[in-house]
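Enquirer: sequence below, structure please.
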Amino acid sequence: HPLAPMLLSVAVLTVAGALAVIAAVPVGALAPIAALALGAILAVAASGPALSLVNWCCTRLVAPKTLPRYDYSAGIPSDHRSLVVVPALLTSLEEADELVARLEVHFLANRDPHLQFALLSDFVDADAERRDEDEALLARARSGIEELNRLHAHEGEDGGEPFLLLHRPRRWNERERRWMGHERKRGKLEDLNRALRDPAALVVGGEQPFMLVVGDVSSLRRVKYVITLDADTQLPRDAAAQLVGTMAHPLNRPRFDEVRRVVVEGYGILQPRVAVSLPSAGRSWFSRLAAGEAGIDPYSRAVSDQYQDLFGAGSFIGKGIYDVDAVTKAFGDRFPEDRILSHDLLESCYARSGLVSDIELFEDWPSRYLADISRRHRWIRGDWQIARWLMPSVPLIAGRERNPLSTLSRWKLLDNLRRSLEPLAWTLALPALALAAPQSWAFVAVVALFSVPFVLPVLREAQNKTRELSWFTHVGNVVQSLVRQTLQAALAVAMLPYEAVVNADAVLRTLFRLTCSRRGLLEWTTASDAERKAHTALGGVVVSMAAAPLVAIAMAGLCVAWRPEALWAIAPLAALWCCAPIGAWLISKPLRVGPPALPHAQRRFLRRQARLIWRFFETFVTAEEHWLPPDNYQEHPARAIAHRTSPTNIGLSLLVNLGAADFSFIPLGVLLARTAGTFATLDQLERHRGHYLNWYDTHSLRPLPPMYVSTVDSGNLVGHLLVLRRGLLELCDRPIAGPELAEALADSAALLDEARARAGRRASPE
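Expert: Alright, predicted model coming up:
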């Protein structure tokens with residue numbers, strides 16, 4: 001029963017942190033009511049560090065757990081047929097092309113006859129049912145899916161089409177007074193689930209959910225699992241088969257409580273680990289700082305997650321796999337319309353979600369601070385709209401029912417609400433303590449409390465010393481972590497007042513819409529739209545973030561009027577908050593990485609190494625070897641040449657010729673002659689279904705046993721040929737003799753001098 005100890009630990013640490021700060025305030029500095037108000041504010045503020053500390057302890061004490069899975073690397077069984085869907089909005093012709101291209105990338109990385117790929121699309125909201133550009137958008141998406149089915153024909157089950165387009169029409173929403181996709185993403189997935197079990201739902205026309213269906217839908221009724229992805233999510237190679245294999249394992253299959261109608265054992269939803277894609281993490285200083293470590297981690301098989309490790313239940317964040325029958329049974333007629341915006345967490349509470357931390361997906365991170373704040377504002381609105389599920393009874397589509405959610409599920413909902421109030425609590429606590437007791441340790445104590453979540457990652461890095469890791473490298477990693485966390489803490493402090501205002505706006509706006517207007521509850525903007533609409537000019541950022549300097553000015557004015565002696569403590573904080581808009585603008589600017597500027601000595605060293613490397617190919621890739629590179633040459637114990645080569649060696653040799661011409665080691669005529677000689681030999685080599693075999697004798701050109709095809713080598717050769725093609729096309733614009741020729745002659749002369757000196761030393765009697 002780990003929940004009670006965890007919550008009790010969080011409560012004790014929260015109270016202890018708040019009391020430690022209040023205890024540092026001199027007696028009499030605060031009135032009783034003011035002390036109570038400050039205590040409540042500090043309790044909200046301290047809950048974040050307390051929870052971070054408890055989570056950190058859990059990850060240190062409890063080993064990560066991985067879920068069992070079937071090995072479906074050879075193919076997904078027909079009775080576990082699955083569908084990969086990308087719910088998205090068609091906003092422009094370019095967006096439609098991008099969605100189709102990403103769908104093909106998912107397919108190429110996860111080819112399987114029992115796996116289909118669908119684009120689940122809506123139009124953007126509008127004041128009318130149809131807009132002038134709708135037909136062009138729909139035609140572009142349709143032609144893209146049809147072209148994919150032509151390119152990859154017969155790769156589906158029984159020769160069927162692997163790609164689908166399911167597009168919904170706009171419906172009139174009386175509450176929103178707009179034409180829009182019914183219930184947005186949640187509605188798309190509900191309509192899809194209904195279509196998977198009721199083929200009549202795929203009939204176009206009338207009140208059916210889809211206005212356009214493209215592709216072979218005959219096998220959809222046999223789909224057991226659905227993998228849902230966001231438009232910017234990347235599905236790595238074979239990740240789909242791994243997800244299906246995990247979902248299908250008997251120990252993970254969902255089991256229902258028929259009374260509460262929720263999954264109580266096993267999982268109806270599985271959420272893989274989601275990491276930040278490497279390109280998006282380097283677009284700006286903000287994404288570099290906020291995204292953390294990006295890209296593929298080849299050393300971690302599983303990561304710690306306190307909810308999965310302690311309770312065997314994670315949280316769904318909208319990208320994962322679900323059991324169609326399980327979620328249909330769990331959700332049923334439960335969720336009221338025009339009410340739920342953030343449906344992922346609520347769905348995971350009903351269908352029980354598990355975290356598969358050893359399967360990793362990738363998604364983009366916003367490059368601009370304002371784009372990130374925009375999506376957080378949307379998340380907070382969604383969290384407060386489902387706060388009603390903390391109560392003893394919850395609404396249905398028609399009527400009410402007793403709340404079936406577990407205590408753990410309700411804690412997750414409450415934790416999101418608590419997190420949304422943290423910036424406001426810190427924004428009030430920091431200046432309040434500086435004004436109330438500027439000469440006390442209270443201000444220092446609250447700063448220390450604020451620093452706890454940023455210190456813990458440094459401690460974690462400090463504890464990661466392994467026997468194989470040198471102390472120099474380990475200390476470097478710790479220092480790097482310390483610098484990153486310090487910058488993140490500074491950014492968090494600088495943005496506190498702005499985030500407090502944004503979060504307060506989201507909370508108050510949601511409460512007003514829930515209790516008064518009853519409109520705008522489904523207001524939503526895609527991540528790509530938020531990125532495009534975020535201000536890039538300094539003036540726009542300053543206007544958008546005017547709340548930060550206004551709060552700073554008000555705080556400084558209050559200090560001067562009420563307690564001037566506290567100005568020394570207030571001034572640095574006020575200055576930081578006034579500079580917040582400029583800081584947000586600076587860290588959001590795109591990064592432009594120029595070519596590396598190497599010192600002359602390093603350039604000379606690399607050029608001479610290149611000349612020595614070229615000497616190998618110049619000596620051994622000859623007509624006697626049919627212009628193929630020998631695999632290796634050894635000098636000890638006896639000089640010998642390995643007269644065999646591979647597709648990777650051949651591709652490297654072709655690029656080495658191109659590099660030698662770039663360095664002016666050889667004239668262009670020699671480059672063309674050597675390249676033509678290699679290609680003439682390639683035409684003579686035996687192949688299997690277009691692939692070169694892995695080893696050939698460079699004298700007889702016969703394949704060497706055992707004969708096999710290496711997809712790695714074939715891929716290497718293709719990549720080398722693509723680069724070679726571009727380099728050869730650029731030859732037309734190159735001068736016959738450029739400045740590189742003089743450097744090449746100087747390098748060759750220097751190497752000859754060094755070789756002569758070595759020969760002289762060997763000939764010396766000494």
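Enquirer: ok, now how distant is residue 205 from residue 218?
Expert: Distance of residue 205 to residue 218, computed by CB to CB, to the nearest Å: 19 Å. (Each C-beta comes from the backbone N, C-alpha and C, glycine too.)
Enquirer: more crowded one of the two?
Expert: Taking other CB atoms under 10 Å, residue 205 and residue 218 do not tie; residue 218 has more neighbours (13 against 7).
Enquirer: in the stretch 351-500 of the chain, which segments are predicted with low confidence?
Expert: 438-440 (pLDDT under 70).
Enquirer: repeat the analysis, applying 80 as the threshold.
Expert: 434-444, 466-468 (pLDDT under 80).
Enquirer: please enumerate the helices of it.
Expert: With DSSP state H, counting those that start in this stretch as the criterion, the stretch 351-500 of the chain has helices at 369-385, 407-436, 442-462, 471-494, 496-512.
Enquirer: with the stretch 51-200 of the chain instead?
Expert: Along the stretch 51-200 of the chain, the stretches classed as helices by DSSP H, counting those that start in this stretch are 93-109, 134-151, 184-197.
Enquirer: what mean pLDDT does the longest one get?
Expert: Just to be clear, that refers to helix 134-151. For helix 134-151, mean pLDDT is 95.
Enquirer: what comes up buried for that helix?
Expert: 134, 137, 138, 140, 141, 142, 144, 145, 146, 148, 149 (16 or more other CB atoms under 10 Å).
Enquirer: how close does the last one sit to residue 227?
Expert: In this structure, residue 149 and residue 227 are 19 Å apart, going by CB to CB.
Enquirer: same question, residue 371
Expert: The span separating residue 371 from residue 227 equals 26 Å under the rule CB to CB.
Enquirer: the two: which has the busier surroundings?
Expert: The residue with more neighbours, out of residue 371 and residue 227, is residue 227; 27 against 24, by other CB under 10 Å.
Enquirer: in a strand, the more buried one, correct?
Expert: Yes - per DSSP: H, G, I helix; E, B strand; the rest coil, residue 227 lies within a strand segment.
Enquirer: tell me the contacts of it?
Expert: 82, 83, 84, 85, 235, 240, 243, 244, 320, 321 (CB atoms under 8 Å, 6 or more residues apart in numbering).
Enquirer: any idea what it is bridged to?
Expert: The partner list for residue 227 in beta bridges (DSSP bridges) reads residue 84, residue 321.
Enquirer: one step back: of the helices of the stretch 351-500 of the chain, which approaches residue 564 most closely?
Expert: helix 407-436 (10.6 Å; CB to CB).
Enquirer: mind listing the strands for the stretch 1-150 of the chain?
Expert: Taking DSSP state E, counting those that start in this stretch, the strands of the stretch 1-150 of the chain run over residues 82-90, 115-123.
Enquirer: which residues are in contact with residue 393?
Expert: With CB under 8 Å, 6+ apart, residue 393 has these contacts: 400, 401, 402, 403.
Enquirer: surely the first one touches residue 394?
Expert: Yes - with contact defined as CB atoms under 8 Å, residue 400 reaches residue 394; the gap is 6.7 Å.
Enquirer: and those two? which has more neighbours close in?
Expert: Just comparing residue 400 and residue 394: by other CB under 10 Å the higher neighbour count belongs to residue 394, 19 against 12.
Enquirer: any idea how far residue 457 lies from residue 240?
Expert: Residue 457 is 32 Å from residue 240, by CB to CB.
Enquirer: more neighbours, the two?
Expert: Between residue 457 and residue 240, residue 240 has the larger neighbour count (other CB under 10 Å), namely 28 against 17.
Enquirer: buried ones in the lowest-mean-pLDDT helix or strand in the chain?
Expert: The helix or strand of the chain with the poorest confidence is helix 527-533; it has a mean of 75 (mean pLDDT, DSSP states H and E). By 16+ other CB under 10 Å, the buried positions in helix 527-533 come out as 527, 528, 529, 530, 531.
Enquirer: looking at the residues you listed, which is nearest residue 757?
Expert: Looking across the buried residues of helix 527-533 and measuring by CB to CB, the closest to residue 757 is residue 531, at 59.9 Å.
Enquirer: figure out which of the strands of the stretch 1-150 of the chain is closest to residue 501.
Expert: Closest to residue 501 of the strands of the stretch 1-150 of the chain, according to CB to CB: strand 82-90, at 28.6 Å.
Enquirer: and that closest one with helix 93-109, angle?
Expert: Relative orientation of strand 82-90 and helix 93-109, computed by axes from the mean of the first three to the mean of the last three CA atoms, to 10 degrees: 170 degrees.
Enquirer: now do strand 82-90: which elements does it pack against?
Expert: Strand 82-90 sits against helix 93-109, strand 115-123, helix 134-151, helix 184-197, strand 225-228, helix 239-248, with contacts defined as 3 or more CB pairs under 8 Å, 6 or more residues apart in numbering; DSSP states H and E.
Enquirer: tally of neighbours for the residue nearest to residue 91 when sequence neighbours are not counted?
Expert: Spatial nearest neighbour of residue 91, excluding adjacent residues (CB to CB, 6 or more residues apart in numbering): residue 124 at 5.7 Å. The tally of other residues near residue 124 (other CB under 10 Å) stands at 18.
Enquirer: nice, that's everything, thank you.
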